[in-house]
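In: everything below, folded, please.
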Amino acid sequence: MEVTQVAFILFPKVHLQDLAGPAQVFFEAAELGNRKFKTVYAEGRDARPGFLK
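Out: Numbering: from 1, shown residues only. Next up is the predicted model:
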């Protein structure tokens, strides 16, 4: 089964509520469907092209 990486880029002053909802969507989608998601969290300054590789 193919794994899809999902990146959440965290910037200063981000609130837990801003992140929790979208992260929960991918968790639930993986539980209900036949696709796997790998979530990755990065600080805004770490998010450069190719950082998921």
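In: in the chain, which spans are helices?
Out: Per DSSP state H, the chain carries helices over the ranges 16-32.
In: what sits against Thr39?
Out: With contact set as C-beta atoms under 8 Å, 6 or more residues apart in numbering, Thr39 has these partners: 5-8, 23, 26-27. For the C-beta atoms, the positions are set from N, CA and C on the backbone; glycine is no exception.
In: and if you look at Lys36?
Out: By C-beta under 8 Å, 6+ apart, Lys36 lies in contact with 1-4, 30.
In: ok, 7 Å please
Out: Contact partners of Lys36, counting by C-beta atoms under 7 Å, 6 or more residues apart in numbering, are 1, 3, 30.
In: hmm, back to that, format the contacts of Thr39 as TSV; extra columns: pLDDT.
Out: Shown next, in TSV, are these (pLDDT from 0 to 100):
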residue	pLDDT
Gln5	90
Val6	91
Ala7	88
Phe8	90
Ala23	93
Phe26	92
Phe27	91
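In: which of those has the most neighbours?
Out: Neighbour counts for those, by other C-beta atoms under 10 Å, peak at Phe26, which reaches 17 neighbours.
In: I figured that residue hits Phe37, correct?
Out: Yes. Applying C-beta atoms under 7 Å as the test, Phe26 and Phe37 come out as touching, 4.5 Å apart.
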